[in-house]
Structure formats: C-alpha cells, structure tokens
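Trainee: Sharing a sequence plus its predicted fold:
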Amino acid sequence: MQEQKGKHQALQNDELGIMVRSNNNPYPSADIQEKILQPRKLSSYFIVLIESGSITYNLDLQDFTLTDGHLLFAMPNQIFIPPAKTGNLKYFKLLFDESTLALLPQQFPFLVNPSNAQTIILDSIAKERVISVFGILDQMLLSEHHETDTEIILAYLNLLLSEFNSAYFKSKEPVSVLNNNLSKFAEFKLVVETHLTEQPSINAIAEKLALSANSLYRIVKEYTGTSPKDYFINRLMAEAQRRLRYSNTSVKELAYELGFNDPDYFSRLFKKSTGKSASDFLPRQDLSGK
C-alpha cells in the first residue's frame, strides 16, 4: 500500500508477534535446546543472517549451508530442522507472524519466494546496514524497562524487510526446482498477491497454475494446513486490516476496493475471520486503548 498517514495507533508491544535473537542473547538450557532443535513445522516467518562463521540449516529436507553475509528465510508451514549452535558463530534471527506483517505499510514479494530460492546473499555494505538494524531491534525488543513505541519497532522491521526484498530481486542465482510442490505453492501465493482484489475463483487459479482443483487443494493444505479458499480469505482479511490501519478509507469504500460487491457481506466475513468488526481496526478505535 502506498498511503502514508498521520494516524499512528497506540498498539501495545506485547501485541506484536515478533522476536529477534542473536549470539548476544543468553543461550537456553540443555533441555530447552533439545526441544528447540527438534524438526517442526514453522508457525511464523523465520529469517537468519550469518554475520560470521558457518552453519547448515535443513528446510523441507534440503540442506542450506550459510556463511558470512548469507541469509536464509522460511515461510510458515515449511518443515524446519534447526542446527545446534556452532562455535564462534555470530548471527541474528528474526521471527514474525502474519498479523505483524499485516501491520506494515507495504508488501514484500520476496516472502512469496517466486524464484523458489530460500537464501539471499548480502553485499558487504548491505550486510553492515542490516546488522545495525538487527542490533537496534534486538535491543528494543529485549528492553524490559524502557518500552519502545510499537510504531518504531514496525518501522525497523519494515526497513529490514525492504533490505531483504531488494537483495532478493537483485540476485541472479539460478532457480531451484528441487521441490515441485513448493514451487507450485510459491506460484499460488504469487497469483493470490497479484490478483487479490480481483478475487478469482479457486478453479480459475488452479487452471492458471496448470493444476486440477484437487491438486491445488492438496498442495496448499500441505504448506498452510488450510484450503486454498480459506488461505485466500485469510490473506484478503489481512490486507483489509492493513488498509484500515494505514489509510483514510471507510469500511464501505474498503469493501469495494477489495473487490466485494456487498459491503455488508464484507463486514460479516471480516467479523467471522478476525473476531472483531472492521470498525474496531480504524485508528480512532485503537487510540482508545481497547
């Protein structure tokens, strides 16, 4: 979204689903480490940047060896096997959920991963900028006594993702096609993002991807745990929340912007999906402190 506004919301930091970790943070105890290192399906976006050293991550049964300036990113529902910490490794990790992503004023196509490439290599100048921002975010999120305005945290997150998005699309690395289902899922996400407000039918999307509706259902279910229809609706509602927070659009106008012919139906769908009415997301309601 391009709208820039003068109405920032007084969200509480603990509402954000965001976490930064680095080698400067206290390392967890052995029993917690054992649990952390188990293979699991990611419930949020995960990004790790290696400042120095080397380590190998396993994502969707594929190994990725990272060294200085290398960055690995993963989407929710990918299968992730974190490695044990290696000596002298310096890194930053960032985790954030879809709700936090929806609060940012723009979209980041690299998170759709259209090239199906899970790694990004930063040049030395970009690496230093990113490390500086990571350090600031790390400090703000760990501060217990000096609560930082949520809008500042989101601004730094937006800056980080902008750096990654720029580096992703500058990369000329060959596209990996090792996982055809993941590739199709990435294509599905790209179609959803590109045609979000047109609201194409699931059958039309399947046809565009040269898949049967059943095959598309199976692939989307594999990576998200939901049906293609529910995925589309969830994405549409996340976009609705973003626009409500970052534009001066009324609920009725927003319904038409998002491709709904019936604003009342949009309001009912929004309430069903988020548990709140659309008007609850307007800035003046947020400023009331809920």
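Mentor: Perfect, I can see it now. Numbering: from 1, shown residues only.
Trainee: in its sheet, what does the stretch of helix or strand residue 49 belongs to sit against?
Mentor: Assigned by DSSP states H and E, residue 49 belongs to strand 45-52. In the sheet, strand 45-52 lines up against strand 70-74 (antiparallel), strand 90-96 (antiparallel) (DSSP bridges).
Trainee: Pull the distance from the last one to the chain's centre.
Mentor: This points to strand 90-96. 14 Å (CA atoms, centre = their mean, to the nearest Å).
Trainee: Just the CA atoms of it, as PDB, please.
Mentor: Extracted C-alpha coordinates of strand 90-96, given in PDB (Å, rounded to 0.1, in the frame of the first residue of the first chain):
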ATOM      1  CA  LYS A  90      27.700 -14.700  15.000                       C
ATOM      2  CA  TYR A  91      24.100 -14.400  13.800                       C
ATOM      3  CA  PHE A  92      20.800 -12.700  14.000                       C
ATOM      4  CA  LYS A  93      17.400 -14.500  13.900                       C
ATOM      5  CA  LEU A  94      14.100 -12.800  13.200                       C
ATOM      6  CA  LEU A  95      10.700 -14.400  13.600                       C
ATOM      7  CA  PHE A  96       7.400 -12.700  13.000                       C
END
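Trainee: quick one on the thing from earlier: dump the strands paired with strand 45-52 into JSON lines; add distance to residue 243 as well.
Mentor: For every residue, glycine as well, the C-beta is placed using N, CA and C. Listed next are the strands paired with strand 45-52 as JSON lines, based on distance: least, CB to CB, whole Å:
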{"stretch": "strand 70-74", "distance to residue 243": "25"}
{"stretch": "strand 90-96", "distance to residue 243": "19"}
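Trainee: what's the longest helix seen in the chain packed up against?
Mentor: If you go by DSSP state H, the chain has its longest helix at helix 150-170. Judged by 3 or more CB pairs under 8 Å, 6 or more residues apart in numbering; DSSP states H and E, helix 150-170 is in contact with strand 70-74, strand 119-121, helix 124-142.
Trainee: Tell me which of these sits most buried.
Mentor: strand 70-74 (a mean of 21; mean count of other CB atoms under 10 Å).
Trainee: Next, format the helices and strands packed on helix 150-170 as a markdown table and append mean pLDDT.
Mentor: Shown next, in a markdown table, are those (pLDDT from 0 to 100):
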| stretch | mean pLDDT |
| --- | --- |
| strand 70-74 | 94 |
| strand 119-121 | 93 |
| helix 124-142 | 91 |
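Trainee: quick one, which of those is nearest to residue 189?
Mentor: strand 70-74 (13.5 Å; CB to CB).
Trainee: Can you list the neighbours in contact with the closest one?
Mentor: The list of residues contacting strand 70-74 from outside it, by CB atoms under 8 Å, 6 or more residues apart in numbering, reads 42, 45-50, 57, 59, 64, 66, 80, 110-111, 113, 118-122, 164, 167.
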